[in-house]
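>>> Just need the structure, nothing else, for what follows:
(one chain, ligands or ions: 1)
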Amino acid sequence: MSDGIPTHQPPKPLPYGRQWVDEDDIAAVVEVLKGDWITQGPAVTAFEDAVKAATGAKQAVAVSSGTAALHLAYLAAGLGPGDEIITTPITFAATANAARLCGAEVKFVDINPDTLCLDPNALKRAINKQTKIIAPVDFAGLPCAMNEINAIAKQHGLTVVADAAHSLGATYCGKPVGTLADMTCMSFHPVKSITTGEGGLVTTDNVAFAERMRLLRSHGIRPGKDGYTQGTAAMDNEGGAKNKSSDAAAGWYGEQIDLGLNYRITDLQCALGNSQLKKLGMFVTRRQQIAGRYRDAFRDHPLIDLQHLPESSSSAWHLFVIKLHLEKMRKTRRAVYDELRSQGLGVQVHYIPVHLHPYYRERYQHRRGDLPHAESYYDRCLSLPLFPAMTEDDGDRVIKTVLSVLRD
Ligand SMILES: Cc1ncc(COP(=O)(O)O)c(C=O)c1O
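Reported below is the predicted structural model:
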């Protein structure tokens, strides 16, 4: 209002994604703040247990981010200099970067142009003596062709580390994400299926992998009685065998037995995660409903292509991506992006293909044309707003605005 005259308020911009945090979440965090532990206390284990129950995985290791989850999973699989991972370029850079941080190399292979996930045939062709890990990415929330990928991995003795940053809550052949690979890495960044602010987690059925990740997330130090190895320097200096038993029993005793990091997640974050996890089903259902309306509205549009959803999968709908038929249009993708943004839709582009970032271009002499499906997808993609707290009106507004911008 100005001078008592109502002024037209433009509708609030809709981001492409955002968190849903309610009073229960806030109460759960406040409860931890009032307690004795604010980091690495009981809420961490409770969150890990809740993720195990939700996914059916036998082990869960919660960490400070999805990037940390990938890094620890790769380290647990023994990735190091001289090794290579194979992944897709249609992902966030972290999938590849975490391998480089292990000293390993990254081979990018093309996507299936319909599902937008790693193409198992391209994967088969790329495997070589250096390959140690396959890192499929459940792009936009859609699980990859895991039966094919796991069979290829088995044939070549490789470890599958699934990047499921987008897909917590999705299923493949009736099985939940979290149980479909040797290790599954999740992210709890605010736009993801559930949030802990920053945070991540690895699920696995492999106890040795889980133990190594637990060790490395906290400096490679084994606490308390488990830290007691052989006669170590610390004990020898203090009198050797005489002190062994008393030192090992002491509360302060924890030995560093490997080189680790501080990738710990806090009790505060895990309390939030635990509370969020109770709403995962509702979050994914809301995402599915909104995505269903978008698909109905855009399915037959002559200028729009949609991600193909195989019958065997249900998507967690992290992103709703459209592919524009630019060859039939007068407008560029940039113009469509700018117009939608100016009309309050926070559309995005996911992702610049990772092999075309300057760092990877220089390292592997990549250039345009190397991975044609990924590049063609990138040239014409847009992600539309999609998050559980969107209203029916928000959804209508997205559909109407997209149709009108493509009509002009
Ligand atoms: C596919 C993918 N992998 C990994 C990550 C890294 O997760 P985080 O941001 O929690 O480190 C992200 C996050 O954006 C992602 O989208």
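
>>> Pull the number of nearby residues for V202.
32 (other C-beta atoms under 10 Å). C-beta coordinates here come from the backbone N, C-alpha and C atoms, glycine included.

>>> check contacts around the closest residue to the ligand within the stretch 51-200 of the chain.
Closest approach between the stretch 51-200 of the chain and the ligand, counting by C-beta to the nearest ligand atom: G66, at 2.5 Å. By C-beta atoms under 8 Å, 6 or more residues apart in numbering, the residues touching G66 are A94, D163, A165, C185, M186, S187, F188, H189, K192, G199, G200.

>>> Can you tell me how far it is from Q343?
Per C-beta to C-beta, to the nearest Å, G66 is found 32 Å from Q343.

>>> One more: Q130?
Per C-beta to C-beta, Q130 is found 48 Å from Q343.

>>> do the same with A153
For A153, the distance to Q343 - C-beta to C-beta - is 45 Å.

>>> Now do the domain split for the chain, please.
23-220+260-277, 221-256, 280-407 (automatic domain parsing).

>>> re the thing from before, neighbour count winner among Q130 and Q343?
Taking other C-beta under 10 Å, Q130 and Q343 do not tie; Q343 has more neighbours (18 against 13).

>>> so I134 touches T88, yeah?
No - counting by C-beta atoms under 8 Å, T88 is not a contact partner of I134; they are 10.3 Å apart.

>>> Which one of the two is surrounded by more residues?
T88 (31 against 27).

>>> Setting aside sequence neighbours, what's the nearest residue to the more buried one?
Excluding its sequence neighbours, the residue lying closest to T88 (C-beta to C-beta, 6 or more residues apart in numbering) is L118, at 4.4 Å.

>>> swap in D163?
V137 (4.3 Å).

>>> Check that neighbour and give its pLDDT.
What the model reports as pLDDT for V137 is 98.

>>> Please name the residues that touch it.
T87, T88, I90, T91, T95, C117, L118, C144, A162, D163, A165, H166.

>>> And S315, by the same measure?
Contacts of S315 (C-beta under 8 Å, 6+ apart): A140, G141, L142, P143, S167, A170, Q288, A291, L309.

>>> again, 7 Å this time
Contact analysis of S315 by C-beta atoms under 7 Å, 6 or more residues apart in numbering lists A140, G141, L142, A170, L309.

>>> Report the central residue of the chain.
A165 (1.3 Å; C-alpha atoms, centre = their mean).

>>> circling back to that earlier point, what subset of the contacts of S315 is also close to the ligand?
Among the contacts of S315, no residue sits close to the ligand (C-beta under 6 Å from any ligand atom).

>>> of those residues, buried ones?
Among these, those buried by neighbour count (16 or more other C-beta atoms under 10 Å) are A140, G141, L142, A170.

>>> which residues does the first one contact?
The neighbourhood of A140, defined by C-beta under 7 Å, 6+ apart, consists of L116, H166, Q307, S315, H318, L319, V321.

>>> helix/strand/coil for it?
At A140 the chain is in helix, as set by DSSP: H, G, I helix; E, B strand; the rest coil.

>>> what about the spatially closest residue to it that is not a sequence neighbour, neighbour count?
Using C-beta to C-beta, 6+ apart and skipping the chain neighbours, the partner closest in space to A140 is L319 (4.0 Å). Using other C-beta under 10 Å, L319 is surrounded by 25 other residues.

>>> Tell me who's in contact with L319.
So L319 contacts A140, G141, H166, H350, S383, L386 (C-beta under 7 Å, 6+ apart).

>>> so where does V106 fall, helix or strand?
strand 105-108 (DSSP states H and E).

>>> Alpha carbons only: can I get that strand in PDB?
What follows is strand 105-108, C-alpha atoms only, in PDB (Å, rounded to 0.1, in the frame of the first residue of the first chain):
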ATOM      1  CA  GLU A 105      41.300 -40.400 -12.400                       C
ATOM      2  CA  VAL A 106      37.800 -39.900 -13.700                       C
ATOM      3  CA  LYS A 107      36.400 -41.300 -16.900                       C
ATOM      4  CA  PHE A 108      33.200 -39.700 -18.000                       C
END
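
>>> what's the next secondary structure element after it?
Beyond strand 105-108 toward the C-terminal end (DSSP H and E), the next one is helix 120-126.

>>> is the helix or strand that comes right after that next one up against the ligand anywhere?
Using DSSP H and E, the next helix or strand after helix 120-126 towards the C-terminus is strand 131-135. No - using C-beta under 6 Å from any ligand atom, strand 131-135 never reaches the ligand; the gap is at least 9.4 Å.

>>> helix or strand right after strand 131-135?
By DSSP H and E, the next helix or strand past strand 131-135 is helix 146-156.

>>> now the angle from the helix or strand that that following helix is followed by to strand 131-135?
From helix 146-156 onward toward the C-terminus, using DSSP H and E, the following helix or strand is strand 159-163. Relative orientation of strand 159-163 and strand 131-135, computed by axes from the mean of the first three to the mean of the last three C-alpha atoms, to 10 degrees: 30 degrees.

>>> tell me which strands and helices strand 159-163 is in contact with?
Where contact means 3 or more C-beta pairs under 7 Å, 6 or more residues apart in numbering; DSSP states H and E, strand 159-163 is packed against helix 66-76, strand 131-135, helix 146-156, strand 183-187.

>>> and the last one, what does it pack onto?
Right, strand 183-187. By 3+ C-beta pairs under 7 Å, 6+ apart, strand 183-187 packs against helix 66-76, strand 159-163, strand 200-204.

>>> Just send the contacts of S315 back as CSV, with distance to A60 too.
Listed next are the contacts of S315 as CSV, based on distance: C-beta to C-beta, whole Å:
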residue, distance to A60
A140, 24
G141, 20
L142, 23
A170, 17
L309, 27
